[in-house]
Each structure stands twice: as structure tokens, then as C-alpha cells.
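# need coordinates for the below:
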Amino acid sequence: MQKPARYTGGEYGQIAKGGAADYRVALCFPDTYEIGMSNLGMKILYGVINGIDGVSCERVFAPWVDMEQQLRQNGVALYGLESGGAISGFDIVAFSLAYELSYTNVLNMLDLAGIPLLREDRQEDSPIVIAGGACCFNPEPMADFIDLFVIGEGEEAAVELVRALRTARDSGETRRGAIRAAAALEGVYAPSLYRVGYNDDGTLSEIVAEPGAALPVLKRVVPDLDGAYFPVETLIPSTGIVHDRAVIELFRGCVHGCRFCQAGHTGRPMREKSKETLAEQGIGALRASGYDELALLSLSSSDYSKLPALCDELLAWCLPRKANLSLPSLRANSYDVSLMERIQRTRKSGLTFAPEAGSQRLRDVINKNVTEEELLDSCRTAFESGRSSVKLYFMLGLPTETDEDAAAIAALSREVYRTWREHTPGRNRGVKITVSTSYFIPKPHTPFQWEPQASMEVYRKRTELLRSELKTKAITYNWHEPEQGFVEAVLSRGDRRVGKAILEACRLGAKFDSWSEFFTLGTWLKAFDNCNIDPAFYTARERGRDEILPWSVVSTGVDEGYFWDGRIAAREGKATPGCREACSGCGASRFAAEGAVCRTIANAGRRRD
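Have a look, this model is predicted:
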């Protein structure tokens with residue numbers, strides 16, 4: 001068995017309550033230990049749930065195939081790392097759903113635990129199965145398997161949910177009664193309380209909620225991040241993980257409104273932590289862990305309003321101790337060479353920018369407010385300061401995209417190379433420009449949610465076009481094969497009927513579908529066929545304005561009219577300003593505290609009727 005440290009527990013910082021707890025929660029991540037232990041959300045929930053008196057929270061990760069084989073051969077049920085106890089005996093089994101291609105792992109983990117996969121098959125003594133995370137903004141494909149979904153941010157909702165279910169258990173409430181009581185909480189969705197109907201053409205005809213159940217279920221938001229729990233003292237893994245470093249979270253949400261970005265819309269409104277809180281948490285995390293790197297996380301780190309001052313305060317502590325700061329997610333139009341020089345005194349790294357589209361026309365369509373001039377200016381200042389490595393990320397298959405737009409990716413990449421040749425002192429070292437493309441998926445709760453996905457054939461055609469255009473040693477071209485993106489589109493845009501195919505794919509052996517060495521398109525096509533599901537119905541079909549969308553059972557707080565206006569603006573090639581420039585009336589100001597950027601600008605600007 002490879003990497004046995006994945007399964008032993010006992011790490012520094014582990015919380016093991018033993019007999020001090022009478023209510024047990026299994027916090028499950030449907031991927032390997034190395035990925036799950038890198039997930040900040042898992043660490044937050046682990047700490048906040050263990051902070052409840054009498055409640056223990058244990059971690060569970062998807063076992064790799066060698067360990068799964070050992071578990072099945074030896075009749076050992078899936079267990080929590082802290083106690084070694086089978087999670088089938090826990091009160092709650094909670095999954096973090098960060099990626100649609102992990103759905104078969106969820107079912108496989110339930111099967112390894114001996115918990116019925118379908119919620120309707122569970123008995124009174126079965127654990128209540130919960131899910132939270134980004135994928136829950138369309139909960140319907142997993143509705144047959146999950147008892148309760150937490151929509152939105154989980155720090156406060158998780159505590160309320162655990163307490164409500166524990167109270168229901170202690171009062172002798174039935175399983176259904178406990179689920180109904182929990183569904184009364186804000187941001188909690190119980191699919192058993194909702195009925196869906198279908199038209200003859202396969203589209204939804206209705207979503208009907210039982211009396212007392214909210215429709216739609218509005219997401220949870222933590223308005224004050226300074227006062228929210230943050231795991232300064234956290235678990236230290238016993239083996240190497242994907243992101244082996246300390247982290248702090250600068251802010252949540254985004255002000256830019258890129259029309260393809262689900263996270264930017266579901267995370268609205270943007271909420272920052274104070275500089276003082278971040279400095280305290282960052283230094284505390286380094287002290288408590290012994291890490292020599294601190295990552296400053298967000299959707300777009302350069303948008304933090306006090307970034308230079310924060311970095312200077314952190315550097316005053318880090319530099320004498322030879323600790324590094326890492327700033328991922330920088331925008332090409334806000335690259336600060338002076339700041340980056342201060343941050344990277346001890347270790348210079350390459351640059352990563354995501355123009356997303358090659359032509360300015362298409363960047364206006366997707367509302368990516370970055371110009372070619374801004375990108376090249378950022379590259380120039382980086383090259384002048386001695387950097388010689390740049391990574392550029394793009395998407396193929398965007399709405400209205402043409403072959404000319406795809407070819408523009410190559411042209412832009414060559415301009416970056418020309419910039420290096422003209423602005424690198426001495427050019428003693430070569431340049432490394434890496435261009436990567438991914439397959440675009442129109443996601444729920446974005447202006448592109450009504451759009452069809454470009455076919456795999458179109459995507460392959462445009463990758464071939466780029467391969468022919470980028471034949472130079474200075475530029476490396478990487479691309480994702482489209483098969484996984486095709487299945488992801490079905491799962492992210494599906495309705496409850498897709499659950500049958502997920503179950504069938506699992507029975508056919510699908511697992512670790514986000515890992516290319518395990519993913520097999522044929523398995524999924526067979527599952528769709530066996531369940532009489534046409535995947536093109538979910539991927540290739542343009543939705544109508546009046547169609548009931550499966551994910552409309554939940555709400556991000558952003559108005560549907562705002563999304564539709566964004567789609568029209570995309571068709572007209574019109575960009576819209578970011579939230580700090582003008583309010584677009586998206587509706588998210590309902591969540592913002594007084595004085596926050598969103599509320600202030602909304603009060604001064606227009607509001608949507």
C-alpha cells in the first residue's frame with residue numbers, strides 16, 4: 001500500500017475528543033489526503049465543529065485504490081482518522097463538494113462505509129448525510145444521495161446545523177423530523193421536501209416545495225470575516241500534501257464580474273478582512289506550524305485594498321526568518337513590480353496571468369477587463385526586473401468564439417515573447433512562456449448559464465490550430481483533453497435525473513474521475529445510455545429565458561435579471577465596470593454590512609427594479 005500516512009491520523013494539531021463527545025461528525029473529502037488536507041475549508045470546518053462542546057469532528061478522505069482493495073478484502077469499513085471508528089456509527093456524515101467529478105467518490109465512500117447510497121433507503125439509525133461546497137449551488141444531480149445541503153458559506157451554518165440535529169436526536173425526533181427541523185435553518189436545503197415535474201420535451205415544468213420549505217433557498221453569507229473562526233493553529237500533515245504551506249484568506253467574493261466565473265458571482269458581495277486581522281493570523285499561522293511559506297489567498301489577490309501595507313508588515317516578520325510570501329491569483333492589469341520585488345527578495349518565482357481569451361473582442365464578451373497593452377506592460381516590467389518565466393491561461397469554447405479568436409491566443413503569446421526580447425537586459429537566460437487552454441463549461445449562476453457548451457470536436461479543432469501556430473521553442477503549449485470537461489458540464493448543469501447516471505457510473509467502476517489515469521469517457525457514456533439520458537440535452541442545448549433551471553431551487557442572492565442583462569451585453573460585445581467603479585444592481589448588496597464596498601456603491605448608484 002502506497003503512502004500509509006494517509007490513513008493513520010495522529011498528526012500534530014489533531015483534535016481527538018474520545019469519550020468527551022456524545023455526538024460525532026465525519027467530515028469527508030472525496031479525494032486523497034494530499035488534496036483534502038490542502039483545502040482551507042476543511043480546516044475551518046474541522047476547527048469550528050470541534051469547538052462545539054460535546055461534539056467531535058473527525059476527518060475522512062477517499063482511500064486510494066490500493067487501500068480500498070485492502071479495506072474490502074479485510075472487511076474493514078471506512079473510518080475516521082481521529083478514532084479509527086467506522087463512520088456508519090456517526091451521527092452526521094458530511095461531504096465537501098468542491099468539484100463535480102468527485103461525485104462518484106462520494107458514492108464509493110458511502111459504499112465503503114456501509115451506508116445506503118440512496119437517501120430513501122436509509123433507516124432511522126443511519127447517519128444524516130450532508131453536503132456543502134461550491135457544487136451545492138446546483139444540488140440537484142446529487143439530490144437522491146444527500147439528506148441536507150448547506151448552500152453558501154459554512155462557518156456559522158455548520159454550527160447551527162449540528163446543534164439542530166443534535167437537539168432533534170436528544171428529543172427523540174424521527175429522522176424525517178430532524179431533517180425537516182434542520183431545513184428550517186437559513187441556507188439549508190432538504191431535497192426530500194421538494195418535488196420536481198417535467199415537460200414532454202424534458203425541461204422542468206415545476207419545482208414545488210412542501211409547506212414551510214423555502215423556495216428558493218437563499219445562500220448563507222458570513223458578513224464579518226474578521227469575527228469569523230479561522231484556524232491559526234491547524235493540523236500539520238504527516239506526509240507531503242499538494243499545498244504544504246500556511247495560508248490566510250484576504251477576502252471573499254470578487255468585484256470584476258467576469259461572465260464565465262461562477263465563484264465570482266456565488267461569492268458576492270466582496271468582503272475583506274482587516275489588515276490587522278490578516279497580519280495577526282498570518283504570523284500566528286507561521287509560528288504555530290513551522291512552515292516557511294505563507295500564501296495570501298483570494299480570487300484575485302491584487303484587489304485587496306491594503307495589499308502593499310499588509311505585505312510590508314508580514315515581510316518585517318518573514319524576512320529575518322527566511323519565510324516566503326506567495327501571492328497567487330494576480331490580475332495582469334494590476335501587477336505591481338515594486339510590491340513583487342519586495343515579496344520575492346528570498347525567492348523569485350515565475351508569473352502567472354489569466355487573460356482567458358486571445359482577442360479583445362472576446363475579452364469584452366466575457367467581461368474580462370484586461371487589455372493586451374496591460375498584459376504586455378506587466379510582462380515588460382517583470383522581464384525588466386529579471387524574470388524569465390510566464391504562464392498564460394486561456395479558455396477555448398467561449399460563447400461567440402471563432403477560429404480567429406483562438407488564433408489570437410497564439411498572436412498574443414508571440415507578443416509576450418517579443419516583449420521579452422526587447423526588454424530583458426542582456427538576455428543571458430532564455431525565456432519560458434507556457435500557454436495553457438482549458439475547455440469552457442457554462443456554469444450555473446452566471447450570465448452564461450443559458451449557453452450551450454461548444455462541442456468536443458470544435459474544442460479539438462482549436463487546440464490543433466494553436467498547436468500549429470505555437471511551434472517555437474520559447475513557447476510551450478499545454479491543453480486539457482475535453483472528455484472530462486464534457487462530463488463535468490453534464491454534472492454541473494444537470495437535474496435530478498442525472499443522479500441515476502452518477503449511481504450507474506459508480507456501479508460500473510467510475511471513481512477518481514478528476515484523475516486522468518482513472519477517468520474513462522466510455523464508462524460515463526455507457527451509464528448515460530443505460531439510464532436513457534442524453535448528455536447533449538445538458539451540454540449542447542441553449543436554454544430559453546423562461547425555462548425553469550434545475551439550480552433555481554437555490555439562490556446566490558444575485559438577481560436573475562442581472563445575469564440575463566449580462567448575457568445580452570455579452571452578445572453585444574459590451575463590457576461592464578467592476579463593483580468598485582459602479583453598481584450594476586446585481587442584488588448582492590442585501591448581504592453587505594453598512595460601509596462595505598458593495599453597499600456603499602449600491603446606495604450611490606442605480607438599483608435594479
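
# quick one: pLDDT of residue 328?
Residue 328 is assigned a pLDDT of 77 by the prediction.

# got the contact list for it?
295-297, 301, 352 (C-beta atoms under 8 Å, 6 or more residues apart in numbering). For the C-beta atoms, the positions are set from N, CA and C on the backbone; glycine is no exception.

# how about these in JSON lines, adding distance to residue 363, neighbour count and pLDDT?
Formatted as JSON lines, the contacts of residue 328 follow (distance: C-beta to C-beta, whole Å; neighbours: other C-beta atoms under 10 Å; pLDDT from 0 to 100):
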{"residue": "295", "distance to residue 363": "27", "neighbour count": "21", "pLDDT": "93"}
{"residue": "296", "distance to residue 363": "26", "neighbour count": "22", "pLDDT": "93"}
{"residue": "297", "distance to residue 363": "25", "neighbour count": "17", "pLDDT": "93"}
{"residue": "301", "distance to residue 363": "21", "neighbour count": "20", "pLDDT": "87"}
{"residue": "352", "distance to residue 363": "17", "neighbour count": "16", "pLDDT": "85"}
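
# let's see which of these end up in strands.
Using DSSP state E, the subset of the contacts of residue 328 located in strands is 295-297, 352.

# can you give me the end-to-end span of stretch 32-48?
Stretch 32-48 has its terminal residues 22 Å apart, counting by C-alpha to C-alpha, to the nearest Å.

# ok, back up a step: between the ones in strands among the contacts of residue 328, which sits nearest residue 103?
Distance from residue 103 was checked for each of those by C-beta to C-beta. The minimum falls on residue 297, at 25.3 Å.

# what sits opposite the closest one in the beta ladder?
Beta bridges link residue 297 to residue 249, judged by DSSP bridges.

# measure it to residue 243 for me?
When C-beta to C-beta, to the nearest Å is applied, the distance between residue 297 and residue 243 equals 9 Å.

# which phi and psi does residue 97 have?
Torsion angles at residue 97 (phi, psi; degrees, to the nearest 10) stand at phi -100, psi 90.

# repeat for the one 5 residues further on
Phi and psi for residue 102, reported as degrees, to the nearest 10, are phi -90, psi 0.

# give me the neighbour count for it.
Using other C-beta atoms under 10 Å, residue 102 has 25 neighbouring residues.

# isn't it right up against residue 30?
Yes. In this structure residue 102 lies within contact range of residue 30 using C-beta atoms under 8 Å: 4.1 Å.

# joint contacts of the two?
Common neighbours of residue 102 and residue 30, using C-beta under 8 Å, 6+ apart, are residue 62.

# find the nearest non-adjacent residue to residue 351, please.
Residue nearest to residue 351 in three dimensions, not counting chain neighbours: residue 390, with 4.9 Å by C-beta to C-beta, 6 or more residues apart in numbering.

# in the chain, which helix has the most residues?
Among the segments of the chain that qualify as a helix by DSSP state H, the longest is helix 403-423.

# and that helix, what's buried?
Judged by neighbour count using 16 or more other C-beta atoms under 10 Å, the buried positions of helix 403-423 are 405-410, 412-414, 416-417, 419-420, 423.

# residues in contact with that helix: which ones?
Counting contacts by C-beta under 8 Å, 6+ apart, the residues outside helix 403-423 that touch it are 355, 357-359, 361-362, 372, 375-376, 379-380, 383-384, 388, 390, 392, 394, 396, 398, 427, 431, 433, 435, 437, 461-462, 465-466, 469-470, 472, 474-475.

# tell me which helix or strand comes right after it.
Proceeding C-terminally, helix 403-423 gives way to strand 432-439 as the next helix or strand, assigned by DSSP states H and E.

# got the angle for that following strand vs helix 403-423?
Taking axes from the mean of the first three to the mean of the last three C-alpha atoms, to 10 degrees, strand 432-439 and helix 403-423 form an angle of 160 degrees between their directions.

# each with direction, which strands does strand 432-439 pair with?
Take DSSP bridges as the rule and strand 432-439 pairs in its sheet with strand 389-396 (parallel), strand 475-479 (parallel).

# how far off centre is stretch 238-250?
16 Å (C-alpha atoms, centre = their mean, to the nearest Å).

# oh, I was asking about stretch 14-24
Centroid separation for stretch 14-24 versus its chain: 30 Å, with C-alpha atoms, centre = their mean.

# stretch 36-46 now?
Centroid separation for stretch 36-46 versus its chain: 13 Å, with C-alpha atoms, centre = their mean.

# could you export that stretch as CSV, CA atoms only?
Coordinates of each C-alpha in stretch 36-46 appear next as CSV, following Å, rounded to 0.1, in the frame of the first residue of the first chain:
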residue,chain,number,x,y,z
GLY,A,36,-8.1,17.3,1.2
MET,A,37,-5.5,18.4,3.7
SER,A,38,-4.7,21.3,1.4
ASN,A,39,-8.3,22.6,1.5
LEU,A,40,-8.8,25.6,3.7
GLY,A,41,-12.5,25.0,4.0
MET,A,42,-11.9,21.6,5.5
LYS,A,43,-9.6,23.1,8.1
ILE,A,44,-12.1,25.8,9.0
LEU,A,45,-15.0,23.3,9.4
TYR,A,46,-12.8,20.9,11.4
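
# show me what it is in contact with.
Residues from elsewhere that reach stretch 36-46, judged by C-beta under 8 Å, 6+ apart: 15, 27, 29, 57, 59, 61, 94, 96, 98, 132-133, 154-155, 158, 229-231, 234-235, 237, 241-244, 247, 249, 297.

# then stretch 272-291?
Counting by C-beta under 8 Å, 6+ apart, the neighbours of stretch 272-291 from elsewhere in the structure are 13, 225-226, 230, 232-234, 236, 244-251, 294, 296, 304-306, 309-310, 313-314, 317-318, 321, 323.

# of these, which belong to strands?
For these, membership in strands holds for 246-249, 251, 294, 296, with DSSP E as the criterion.

# dump these to TSV, plus distance to residue 273.
Output for the ones in strands among the contacts of stretch 272-291, formatted as TSV (distance: C-beta to C-beta, whole Å):
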residue	distance to residue 273
246	15
247	13
248	8
249	7
251	6
294	14
296	11
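
# mind checking which of those are buried?
Among the ones in strands among the contacts of stretch 272-291, those that count as buried by neighbour count (16+ other C-beta under 10 Å) are 246-249, 251, 294, 296.

# farthest-separated two in these?
Farthest apart among these by C-beta to C-beta are 246 and 251. That separation is 17.7 Å.

# just to revisit the earlier point, make a ChimeraX selection of whichever of the contacts of stretch 36-46 turn out to be buried.
Selecting only the buried members of those in ChimeraX, with burial defined as 16+ other C-beta under 10 Å, works like this:
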select :27,29,57,59,61,94,96,98,132,133,154,155,158,229,230,231,234,235,237,241,243,244,247,249,297
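
# mind checking which of the contacts of stretch 36-46 land in helices?
Among the contacts of stretch 36-46, the members falling in helices (DSSP H) are 155, 158.

# picking that back up, can you tell me which of the ones in strands among the contacts of stretch 272-291 lies closest to residue 367?
Top of the list for closeness to residue 367, among those and by C-beta to C-beta, is residue 251 at 19.8 Å.

# and the residue lying closest to that closest one once chain neighbours are set aside, how far from residue 304?
Excluding its sequence neighbours, the residue lying closest to residue 251 (C-beta to C-beta, 6+ apart) is residue 272, at 4.2 Å. Distance from residue 272 to residue 304, counting by C-beta to C-beta: 6 Å.
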